Structures are given as C-alpha cells and as structure tokens.
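Undergrad: output the structure for:
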Amino acid sequence: MKALIMSMGLFVMTMGVALGLSYYVSFENLRYHSHFILKQALQETLYQLSETEIDQRSSLVMPYFTDNLQFRIPKGVTYTINLLGFKSDPLVVRIELSYTSDSTLQINHRIEETMIEVNNE
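TA: Modelled structure (predicted):
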C-alpha cells in the first residue's frame, strides 16, 4: 500500500512538471516567433519608407507595417499594434506589439521595438 501511494505521488509530481515545462516551451515559442516577425515587418517597412518621399512617410508607416505583418501572423493569435514613435528624417519607427493566444493557455505578452535608418555611404 505504501509503494502504491509513493508511486502515485511520483506520477502526479511528474505530470505537474511536464505540464509546467510544456507551458514554458509554448510561451517561449510564441514570444520568439512574435519578436521575429515584428523585426522582419519593421525592417521591410523601413525599407519601403526609405524609398518614398519624406513628407509622405508619416501617413504610410502604419499601412506598410500592417501589410508586412499580416501574412506572418500565425493562426490562433490576436495581435494589437501601436505606433509609439515616428520621425521621418532620419527615419525612426517605434512599434509596440501586444498579443494574446486564443488557446487554452491564454498567453499575453507585449513587445516594443525601435528601428533607425542608417546610411552606409
């Protein structure tokens, strides 16, 4: 009887650790993927804005960014985009990306990223 109780306790503890680690892996995977797509979309947006006229950049930054981010968003994740800062010359864009997973784990996170145009002449 004592061995049965000890083995059940070990089983419950092992399952708890396994569930905790699976939550951690899921959270880190979503965090890394969101940060990666934010950087890619921001890079493409800066490249597109650098080829436009300086006076038109402020009106085009959010449409360009949402277009660049839209096709990278995985299914089951809801994103919110906020433009925190923008300067047209030199080109500086600061974006905040908040996301929530629609799975049973309900992962919420917020990422801020700033990218600056650098001229290499």
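Undergrad: so which strand or helix has the most centrally placed residue in the chain?
TA: For the chain, the residue nearest the mean C-alpha position is residue 34 (2.4 Å; CA atoms, centre = their mean). Per DSSP states H and E, residue 34 falls inside helix 2-50.
Undergrad: other SSEs contacting that helix?
TA: helix 57-70, strand 77-87, strand 92-101, strand 108-116 (3 or more CB pairs under 8 Å, 6 or more residues apart in numbering; DSSP states H and E). Just so you know, the C-beta spots here come from the backbone N, C-alpha and C atoms, and that holds for glycine as well.
Undergrad: still on that earlier bit, so who does the residue nearest to the centre of the chain touch?
TA: Contact partners of residue 34, counting by CB atoms under 8 Å, 6 or more residues apart in numbering, are 77, 79, 97, 99, 109, 111.
Undergrad: and the gap between it and residue 110?
TA: Using CB to CB, to the nearest Å, we find residue 34 at a distance of 10 Å from residue 110.
Undergrad: repeat that for residue 36.
TA: Counting by CB to CB - residue 36 and residue 110 are separated by 16 Å.
Undergrad: I appreciate the help and will end here.
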